[in-house]
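Student: The following comprises the amino acid sequence and a computationally predicted model.
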Amino acid sequence: MIAKPKVFVTRAIPERGLALVRDFCEADVWTEELPPAREVILERVRGVDGILSLLTDSVDGAVMDAAGSQLKAISNYAVGFDNVDIAEATRRGIPVGNTPGVLTDTTADLAFALLMAAARRVVEGDKFTRAGRWKTWGPTLLLGQDIFGATLGLVGFGRIGRAVARRARGFDMRVLYHDPFVAADDPCAAEVGAQAVDMDTLLRESDFVSLHTLLNEETHHLIGADAFAKMKPTAILVNTSRGPVVDPVALHTALREGQIGYAALDVTEPEPIPADSPLLGLDNVIVVPHIASASVATRGRMAQMAAENLIAGLRGERLPNCANPEVYK
């Protein structure tokens, strides 16, 4: 009987994918709610043929060393892969999988939901009612910002940014975008009526600024004090990309001093946001716990894709979704 390949799964992913992994592999699954500690990962990966990781897990050279030279594949249960040392994995000939495309529309839905909730002060209204403060209808009670006809600025015009732009069309919004990797005459931009502009113009003219960029050296704290100084005092910032794209100290100052009107965050720096963060003491900020892809269908499909990537790598086949395709050259 041929022994099954050994793998370490750093969290219990939805059964749609986990069942595939358990059927094909000898799987060691971390079942605790919180991510495994660094020392736990280093211990549990010893001798494994594959790793199925989450964004919370740093998979660097030390982890690959601990696993050993027989490590064949790393599969990340996420679209992003900044938690994996891609260059090191490529150097070692290890393909790294991710789950692109599947969460595009689900994430765009959440981005637009946050935009609307912030504009119309939905969370504040709910708290107001639950606190017993709703005494009567008032002409100036919880006034918010109109969404229809407003200007939406998209920082990043990839799959998710474009999906948000399509949703904005239903509200007759003017859509601007800034993305150095997307041409001004991009066909999709023309389809949704989006206009390419420089970053300063986007910040200056947008009523809503929604972030859809990767996290790298260039985008770390891209939205900081300088950016907030250029935005409208009524502007609303939405972040469903990565927490460190926004400088949290500068954001707190901007919200407190009225440089911008509101922020709605699905991601934070650090993550999770500390309970004593000064941001949580402000009324003009909404923070949700990184749930942009959290629908039953999407998370299940992500699990299946992550499992398929892992199994393909263990079989010596090309990963269906590979973050470092140069490994096959």
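Tutor: Now that the structure is in, tell me what you want to look at.
Student: Go ahead and confirm residue 220 touches residue 241.
Tutor: No. Here residue 220 does not reach residue 241: they are 11.6 Å apart, not a contact under C-beta atoms under 8 Å. For glycine as for every other residue, the C-beta is placed from the backbone atoms N, C-alpha and C.
Student: who's more crowded, the two?
Tutor: Taking other C-beta atoms under 10 Å, residue 220 and residue 241 do not tie; residue 241 has more neighbours (28 against 14).
Student: Let's verify that one: helix, strand, or coil?
Tutor: coil (DSSP: H, G, I helix; E, B strand; the rest coil).
Student: what residues are up against it?
Tutor: By C-beta atoms under 8 Å, 6 or more residues apart in numbering, the residues touching residue 241 are 156, 211-215, 267.
Student: Any chance of a PyMOL selection covering the buried ones in those residues?
Tutor: Buried subset of these, written as a PyMOL selection, criterion 16 or more other C-beta atoms under 10 Å:
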select buried, resi 156+211+212+213+214+215+267
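Student: Out of the contacts of residue 241, which is nearest to residue 167?
Tutor: residue 212 (12.4 Å; C-beta to C-beta).
Student: Is the closest one in contact with residue 165, as I believe?
Tutor: No. Residue 212 is beyond contact range of residue 165, at 9.7 Å (criterion: C-beta under 8 Å).
Student: what sits in contact with each of those two?
Tutor: With C-beta under 8 Å, 6+ apart as the test, residue 212 and residue 165 both reach 154, 157.
Student: Does residue 65 belong to a helix, a strand or coil?
Tutor: helix.
Student: What is the neighbour count of it?
Tutor: Residue 65 has 14 nearby residues by other C-beta under 10 Å.
Student: Residues in a beta bridge with the nearest residue to residue 184 once chain neighbours are set aside, which ones?
Tutor: In space, and not counting its chain neighbours, residue 184 is closest to residue 196: 4.0 Å by C-beta to C-beta, 6 or more residues apart in numbering. Applying DSSP bridges to residue 196 yields these beta-bridge partners: residue 177.
Student: in the lengthiest helix in the chain, what's buried?
Tutor: Taking DSSP state H as the criterion, the chain has its longest helix at helix 296-314. Buried residues in helix 296-314, counted by 16+ other C-beta under 10 Å: 298-314.
Student: repeat for stretch 54-66
Tutor: 54-55, 57, 59, 63-64, 66.
Student: what do you get for stretch 182-192?
Tutor: Using 16+ other C-beta under 10 Å as the test for burial, stretch 182-192 gives 182, 186, 188-189, 192.
Student: Any chance of CSV for those residues, columns distance to residue 83, secondary structure and pLDDT?
Tutor: As requested, the buried residues of stretch 182-192 are exported to CSV (distance: C-beta to C-beta, whole Å; DSSP: H, G, I helix; E, B strand; the rest coil; pLDDT from 0 to 100):
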residue, distance to residue 83, secondary structure, pLDDT
182, 25, coil, 93
186, 30, coil, 89
188, 29, helix, 88
189, 31, helix, 93
192, 31, helix, 91
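Student: from those residues, which is closest to residue 151?
Tutor: Looking across the buried residues of stretch 182-192 and measuring by C-beta to C-beta, the closest to residue 151 is residue 192, at 14.0 Å.
Student: Hmm, that closest one is touching residue 167, no?
Tutor: No. Between residue 192 and residue 167 there is no contact under C-beta under 8 Å: 9.4 Å.
Student: Point out where the chain drops to low pLDDT.
Tutor: Where the chain drops to pLDDT under 70, the residues are 1.
Student: show me where it has strands.
Tutor: Using DSSP state E, the strands of the chain run over 6-9, 26-29, 50-53, 73-76, 96-97, 151-155, 174-178, 194-196, 208-211, 236-239, 262-265, 285-287.
Student: I'd like those laid out as CSV, including distance to residue 84.
Tutor: Output for the strands of the chain, formatted as CSV (distance: least, C-beta to C-beta, whole Å):
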stretch, distance to residue 84
strand 6-9, 14
strand 26-29, 19
strand 50-53, 7
strand 73-76, 6
strand 96-97, 5
strand 151-155, 24
strand 174-178, 27
strand 194-196, 31
strand 208-211, 22
strand 236-239, 22
strand 262-265, 24
strand 285-287, 26
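Student: To residue 38, which of those strands lies closest?
Tutor: Residue 38 lies closest to strand 50-53 among the strands of the chain, at 12.7 Å (C-beta to C-beta).
Student: ok, and for the closest one, which residues are buried?
Tutor: Of the residues in strand 50-53, 50-53 count as buried by neighbour count, 16+ other C-beta under 10 Å.
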